[in-house]
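>>> Here's a sequence, model it:
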Amino acid sequence: MCVVSLTNTRKKGLELKQNLIEEVRASVDRYARIFIFSVENMRNSKIKDVRNMWKHSRFFYGKNKVIAVALGKDRAGEYREGLHMISSKLKGNVGLLFTNETKEAVIEWFDEYVEPDFARSGNVARSTVVLDEGPLTQFTHSMEPHLRQLGLPTLLKKGVVLLVGEHTVCKEGEPLTPEQARILKLLGNAMVDFKIDLLAMWSNNGTFEDLKTSEVTDARSYRTTQETEERSDGEQEVEGKEEEEDDEEEE
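Numbers count the residues shown, from 1 in each chain. Reported below is the predicted structural model:
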C-alpha cells in the first residue's frame, strides 16, 4: 500500500509556486517589455514552435493566478511600477511574452505569423466542402470501413474506395461535428488558423499600452498625480483644522 503525505504534497506545490514567482520576477528584471497575448485555435505543438523561434525571449502560458501574485495585483504590492495593470488582464486563455525586442518588431512578427491547422469539433466551417460521386483515390482500401463509420457513403470495388453519390461534408458557417472534423483532416483540408493576438504591452519605464485601443497609461505620472492629490487633501485638512482653531480663539 502506497501512502502519500499530504504535507509533502502541499509543500511541493508551494515550492513550485514560489519557483514560478521567482522566475517571473527574474524575467521582469531581465526584459524591457511584457506583452499580453491570446491564442486563436490553441495547439501545444504550435506554441512550442513559436517558443523555439523566440528563444531570446521568455513565454509564460498558464498559472495566471500565480503570475499575478508575482507581478502584484495592486499598486501597493506590484513588483515594478505599472505591473498591476498586467495582472488585471490575466483572465482567460492569455499568456505573457517577456522580450527585449522593440514594440514595432514584435507587432510586425506576430501580425505576419499565421499557421493553418485542422479544425476540431465545435469550430465553425470556413467553407462548404462537397465530395463528388466516384473514386476517392487518396484513400487506401483499408480505410473504407473507417470512412463509412464517419458517415461517408462508400463501398469498396476492386480495391478502390468509391463514394456512392455526392456528399456534403460540411456547410459554411455551421459548427463541425467530430466526424466532420475528422473527415476534413483526412482530406488534408486545414480550415482554421493558429494565431497569437497581442493585447497589451508593459514597458520597464512604467508605461502600459492597450494595443487594441492604443491607450497609454504612465504609472509614474499617475503616481505623481495621486501624490499631488493626497498632498492637496492633506493641506486642505490642515487648513480646515487651523480655521476651526481660529474660530475657537475668537469665541
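>>> What segments of this structure are helices?
Assignment of helices within the chain using DSSP state H yields the ranges 6-30, 44-53, 64-71, 83-87, 103-112, 144-149, 178-187, 219-250.
>>> and the fourth one, C-alpha only, in CSV?
When you say that, I think you mean helix 83-87. The C-alpha trace of helix 83-87 is given here as CSV (Å, rounded to 0.1, in the frame of the first residue of the first chain):
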residue,chain,number,x,y,z
LEU,A,83,2.7,45.8,-13.4
HIS,A,84,-0.6,45.6,-11.6
MET,A,85,-2.2,46.6,-14.9
ILE,A,86,-0.7,43.5,-16.5
SER,A,87,-2.2,41.4,-13.6
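>>> ok, residues contacting that helix?
28, 34, 36, 67-68, 71-75, 77-78, 96, 200, 202, 208, 217, 219 (CB atoms under 8 Å, 6 or more residues apart in numbering). (Glycine included, C-beta is placed from N, CA and C.)
>>> tell me the mean pLDDT over that helix?
Mean per-residue pLDDT for helix 83-87: 95.
>>> Flag every buried residue along it.
Buried residues in helix 83-87, counted by 16 or more other CB atoms under 10 Å: 83-87.
>>> wait, which of those residues is closest to residue 46?
residue 86 (23.7 Å; CB to CB).
>>> circling back: which of the contacts of helix 83-87 are buried?
28, 34, 36, 67-68, 71-72, 78, 96, 200, 202, 208, 219.
>>> need these in a markdown table with pLDDT and distance to residue 59, can you?
Formatted as a markdown table, the buried ones among the contacts of helix 83-87 follow (pLDDT from 0 to 100; distance: CB to CB, whole Å):
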| residue | pLDDT | distance to residue 59 |
| --- | --- | --- |
| 28 | 97 | 14 |
| 34 | 98 | 11 |
| 36 | 98 | 12 |
| 67 | 96 | 12 |
| 68 | 96 | 16 |
| 71 | 96 | 15 |
| 72 | 95 | 20 |
| 78 | 93 | 21 |
| 96 | 97 | 7 |
| 200 | 97 | 16 |
| 202 | 97 | 15 |
| 208 | 95 | 20 |
| 219 | 77 | 24 |
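>>> Now for the residues you listed: which two are most distant?
It's 67 and 219 that sit farthest apart of the buried ones among the contacts of helix 83-87, by CB to CB, at 18.5 Å.
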